[in-house]
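*Asks:* Model the structure of this input:
(one chain, ligands or ions: 2)
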Amino acid sequence: MLSFNREKCVYCKLCENVCSFRFTQQVRPSVAAIRIGREGKWGLPSARICDLCKDLEEGPKCVAACPEDALGVSDGGVIAWDDEKCTRCEVCVDVCPNKAVAYDTDSDRIILCDLCGGKPLCIEWCPEQVISA
Ligand code: SF4
Ligand code: SF4
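*Replies:* Ligands and ions are numbered 1, 2, ... in the order given. All right, here's what the predicted structure looks like:
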(Lines give C-alpha, C1' and ligand atoms only; values in the text may rest on other atoms or scores of the structure.)
(Ligands and ions follow the chains in the order given, each with its own letter.)
Protein backbone atom coordinates (compact mmCIF):
# COMPACT_ATOMS: atom_id res chain seq x y z
CA MET A 1 0.00 0.00 0.00
CA LEU A 2 1.31 3.48 -0.89
CA SER A 3 1.64 6.38 1.55
CA PHE A 4 1.55 10.01 0.51
CA ASN A 5 3.20 12.88 2.39
CA ARG A 6 1.21 15.96 1.41
CA GLU A 7 3.60 18.32 3.18
CA LYS A 8 6.28 17.53 0.62
CA CYS A 9 4.19 17.42 -2.56
CA VAL A 10 4.89 20.23 -5.05
CA TYR A 11 1.90 19.27 -7.24
CA CYS A 12 3.99 18.46 -10.31
CA LYS A 13 1.85 15.36 -11.03
CA LEU A 14 4.74 13.38 -12.44
CA CYS A 15 3.43 10.37 -10.53
CA GLU A 16 0.13 10.50 -12.43
CA ASN A 17 1.91 10.81 -15.73
CA VAL A 18 4.27 7.87 -15.30
CA CYS A 19 1.50 5.72 -13.85
CA SER A 20 -0.86 6.32 -16.77
CA PHE A 21 1.95 5.80 -19.26
CA ARG A 22 2.75 2.42 -17.79
CA PHE A 23 -0.83 1.22 -18.14
CA THR A 24 -1.79 2.87 -21.45
CA GLN A 25 1.49 3.79 -23.19
CA GLN A 26 0.19 7.35 -23.21
CA VAL A 27 0.35 10.22 -20.72
CA ARG A 28 -3.30 10.26 -19.64
CA PRO A 29 -3.53 11.14 -15.96
CA SER A 30 -7.31 10.79 -15.96
CA VAL A 31 -6.85 7.01 -15.85
CA ALA A 32 -3.82 6.83 -13.56
CA ALA A 33 -4.04 4.62 -10.47
CA ILE A 34 -2.75 7.55 -8.42
CA ARG A 35 -4.50 10.89 -8.75
CA ILE A 36 -3.32 14.14 -7.19
CA GLY A 37 -5.82 16.85 -6.28
CA ARG A 38 -6.23 19.65 -3.80
CA GLU A 39 -8.52 19.74 -0.79
CA GLY A 40 -9.51 21.83 2.19
CA LYS A 41 -9.46 25.54 2.83
CA TRP A 42 -5.77 25.80 1.93
CA GLY A 43 -5.91 23.67 -1.16
CA LEU A 44 -3.34 21.22 0.14
CA PRO A 45 -2.32 18.41 -2.21
CA SER A 46 -4.10 15.13 -1.65
CA ALA A 47 -3.75 11.76 -3.33
CA ARG A 48 -6.37 9.29 -4.40
CA ILE A 49 -4.78 5.90 -4.01
CA CYS A 50 -5.95 2.42 -3.12
CA ASP A 51 -5.69 1.76 0.60
CA LEU A 52 -7.34 -1.67 0.35
CA CYS A 53 -10.33 -0.11 2.16
CA LYS A 54 -8.39 -0.52 5.39
CA ASP A 55 -10.89 1.55 7.38
CA LEU A 56 -13.87 -0.55 6.32
CA GLU A 57 -14.79 -3.52 8.45
CA GLU A 58 -16.03 -5.43 5.43
CA GLY A 59 -12.76 -5.03 3.52
CA PRO A 60 -12.16 -4.10 -0.14
CA LYS A 61 -15.40 -2.76 -1.59
CA CYS A 62 -14.46 -3.38 -5.22
CA VAL A 63 -13.81 -7.06 -4.55
CA ALA A 64 -17.14 -7.50 -2.79
CA ALA A 65 -19.07 -5.58 -5.44
CA CYS A 66 -17.69 -7.23 -8.56
CA PRO A 67 -20.48 -9.44 -9.94
CA GLU A 68 -18.03 -11.57 -11.93
CA ASP A 69 -15.53 -12.40 -9.20
CA ALA A 70 -12.89 -10.69 -11.32
CA LEU A 71 -11.14 -8.95 -8.44
CA GLY A 72 -9.30 -10.27 -5.41
CA VAL A 73 -6.51 -9.41 -3.01
CA SER A 74 -3.23 -10.91 -4.19
CA ASP A 75 -0.48 -12.35 -2.01
CA GLY A 76 1.43 -9.14 -2.73
CA GLY A 77 -1.29 -7.09 -1.04
CA VAL A 78 -2.75 -5.45 -4.14
CA ILE A 79 -6.08 -5.81 -5.90
CA ALA A 80 -5.64 -8.29 -8.72
CA TRP A 81 -7.85 -7.95 -11.81
CA ASP A 82 -8.84 -10.86 -14.03
CA ASP A 83 -9.13 -9.67 -17.62
CA GLU A 84 -10.88 -12.86 -18.73
CA LYS A 85 -13.64 -12.75 -16.14
CA CYS A 86 -14.21 -8.98 -16.29
CA THR A 87 -17.19 -7.76 -18.33
CA ARG A 88 -16.24 -4.04 -18.00
CA CYS A 89 -19.44 -3.23 -16.11
CA GLU A 90 -17.49 -0.59 -14.13
CA VAL A 91 -19.18 -1.38 -10.81
CA CYS A 92 -15.70 -1.35 -9.22
CA VAL A 93 -15.08 2.14 -10.59
CA ASP A 94 -18.34 3.36 -9.05
CA VAL A 95 -18.00 1.80 -5.60
CA CYS A 96 -14.39 2.68 -4.78
CA PRO A 97 -14.51 5.25 -1.95
CA ASN A 98 -11.07 6.53 -2.96
CA LYS A 99 -11.83 6.85 -6.69
CA ALA A 100 -8.78 4.66 -7.18
CA VAL A 101 -10.20 2.49 -9.97
CA ALA A 102 -10.51 3.58 -13.58
CA TYR A 103 -11.70 2.05 -16.82
CA ASP A 104 -9.62 2.99 -19.84
CA THR A 105 -11.66 2.77 -23.01
CA ASP A 106 -8.66 2.91 -25.34
CA SER A 107 -6.87 -0.08 -23.86
CA ASP A 108 -10.15 -1.65 -22.67
CA ARG A 109 -8.85 -2.40 -19.23
CA ILE A 110 -9.56 -1.74 -15.59
CA ILE A 111 -6.74 0.24 -13.99
CA LEU A 112 -5.87 -0.40 -10.35
CA CYS A 113 -2.64 0.11 -8.46
CA ASP A 114 -0.56 -3.07 -8.60
CA LEU A 115 2.54 -1.41 -7.11
CA CYS A 116 4.13 -1.88 -10.56
CA GLY A 117 4.85 -5.46 -9.63
CA GLY A 118 7.02 -4.40 -6.68
CA LYS A 119 8.92 -1.28 -7.88
CA PRO A 120 6.38 1.55 -8.04
CA LEU A 121 7.22 4.06 -10.78
CA CYS A 122 5.53 6.88 -8.85
CA ILE A 123 8.03 6.41 -6.03
CA GLU A 124 10.93 6.25 -8.45
CA TRP A 125 9.95 9.38 -10.40
CA CYS A 126 8.67 11.67 -7.64
CA PRO A 127 11.31 14.41 -7.33
CA GLU A 128 10.35 15.17 -3.72
CA GLN A 129 10.14 11.66 -2.24
CA VAL A 130 6.49 12.21 -1.39
CA ILE A 131 5.33 8.64 -1.97
CA SER A 132 6.46 5.54 -0.12
CA ALA A 133 5.35 1.94 0.07
S1 SF4 B 1 -9.50 -0.04 -5.27
FE2 SF4 B 1 -10.85 1.23 -4.00
S3 SF4 B 1 -12.55 -0.15 -3.40
FE4 SF4 B 1 -10.84 -1.43 -4.13
S5 SF4 B 1 -9.70 -1.95 -2.27
FE6 SF4 B 1 -8.72 -0.13 -3.17
S7 SF4 B 1 -9.69 1.60 -2.10
FE8 SF4 B 1 -10.99 -0.18 -1.76
S1 SF4 C 1 -15.73 -3.88 -14.42
FE2 SF4 C 1 -14.92 -5.98 -14.28
S3 SF4 C 1 -13.74 -6.01 -12.37
FE4 SF4 C 1 -15.06 -4.20 -12.29
S5 SF4 C 1 -16.94 -4.89 -11.23
FE6 SF4 C 1 -17.31 -5.12 -13.43
S7 SF4 C 1 -16.73 -7.24 -13.89
FE8 SF4 C 1 -15.81 -6.71 -11.89
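*Asks:* C-alpha from now on. contacts and neighbour counts both.
*Replies:* Noted.
*Asks:* For stretch 113-120, buried residues please.
*Replies:* Residues 113, 114, 115, 120 are the ones in stretch 113-120 that count as buried (16 or more other C-alpha atoms under 10 Å).
*Asks:* Can I get those in a markdown table including distance to ligand 2, secondary structure and pLDDT?
*Replies:* Putting the buried residues of stretch 113-120 into a markdown table (distance: C-alpha to the nearest ligand atom, whole Å; DSSP: H, G, I helix; E, B strand; the rest coil; pLDDT from 0 to 100) gives the following:
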| residue | distance to ligand 2 | secondary structure | pLDDT |
| --- | --- | --- | --- |
| 113 | 13 | coil | 95 |
| 114 | 14 | coil | 93 |
| 115 | 18 | helix | 95 |
| 120 | 22 | coil | 95 |
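*Asks:* And the residue nearest the centre of the chain, how far from ligand 2?
*Replies:* Nearest to the geometric centre of the chain sits residue 33, at 2.8 Å (C-alpha atoms, centre = their mean). Using C-alpha to the nearest ligand atom, to the nearest Å, we find residue 33 at a distance of 14 Å from ligand 2.
*Asks:* where does the closest residue to residue 129 other than its chain neighbours land in three-state SS?
*Replies:* Nearest residue to residue 129 in three dimensions, chain neighbours excluded: residue 123, at 6.8 Å (C-alpha to C-alpha, 6 or more residues apart in numbering). Counting by DSSP: H, G, I helix; E, B strand; the rest coil, the backbone at residue 123 sits in helix.
*Asks:* biggest helix in the chain by residues?
*Replies:* Longest helix in the chain, counting residues (DSSP state H): helix 14-24.
*Asks:* Identify the residues contacting that one?
*Replies:* Contact with helix 14-24 is made by 26-36, 104, 106-107, 111, 121-123, 125-126, as judged by C-alpha atoms under 8 Å, 6 or more residues apart in numbering.
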